[in-house]
Structures are given as C-alpha cells and as structure tokens.
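Peer 1: Pasting a predicted model and its sequence here:
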Amino acid sequence: MKVNDLEDKIMSVWTTVDDIDTFLYRYLDSPADELSEDDISNTLLGIKILHEQRCQKLWDAFEEVLANLPWPSSKDERKRIEKEADLLRRFAK
C-alpha cells in the first residue's frame, strides 16, 4: 500500500460527518414523517458502527504502510534516528 492510499483512507473517515449531517436533515428538516425512537436509535448505531469500521480500515492501512517503509540499513543511520526519537519524546512530555 502506498502513502496516497493511506491518505484516501484518512479522508474516508471524514464521511462520518456527512452521515451525521444527513441524519440531522432527516430528523430536523425533512418534510417526511417523523422518525420513531427505534429509527433514531438504529440510525445512530449504524453511523457509530460504520465509523468504527472506517477507523479500523484506516488503522490496518497505516500498519501496512509502516510495515513497507524502508528501514535504515546502517548502524549510524539507526543511531541518528534513535537520537531524534529520544529528542521528540522529551519534547512530548
């Protein structure tokens, strides 16, 4: 998997916002009959489950990209990266 594919997966997670907007239109603004409590519950549960599945798909893609990254071959390169990582950890605290 390429990084561009990962970007597509990241963007797809944002479609949850569209799902919620669609639900809110139907619930608040649509001239159609009112939604029952079951309809509301089922819709929200469906949006939640789809969001979790999109996030899992994104995580799987992220792990695949990481697994395919070229890792440094020389000891000096690895030491340099480890020093940079330590520095980043210190700033994160």
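Peer 2: Done, it's in. Values in this document were obtained by computation on a predicted structure and should not be read as measured data. Residues are numbered from 1 along each chain as shown.
Peer 1: Tell me, how many residues neighbour residue 61?
Peer 2: 20 (other Cβ atoms under 10 Å). From N, CA and C alone the C-beta is placed, and that goes for glycine too.
Peer 1: The chain: helices as residue ranges?
Peer 2: Using DSSP state H, the helices of the chain run over 3-13, 15-24, 37-67, 75-92.
Peer 1: Tell me which of the ones you listed sits nearest to residue 31.
Peer 2: With Cβ to Cβ as the criterion, residue 31 lies closest to helix 15-24 of the helices of the chain, at 14.8 Å.
Peer 1: still on that earlier bit, columns mean pLDDT and distance to residue 30 on top of the helices of the chain, output as TSV?
Peer 2: Listed next are the helices of the chain as TSV, based on pLDDT from 0 to 100; distance: least, Cβ to Cβ, whole Å:
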stretch	mean pLDDT	distance to residue 30
helix 3-13	85	26
helix 15-24	96	10
helix 37-67	93	12
helix 75-92	78	46
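Peer 1: mind giving me JSON lines with those and columns for distance to residue 31?
Peer 2: As requested, the helices of the chain are exported to JSON lines (distance: least, Cβ to Cβ, whole Å):
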{"stretch": "helix 3-13", "distance to residue 31": "31"}
{"stretch": "helix 15-24", "distance to residue 31": "15"}
{"stretch": "helix 37-67", "distance to residue 31": "16"}
{"stretch": "helix 75-92", "distance to residue 31": "52"}
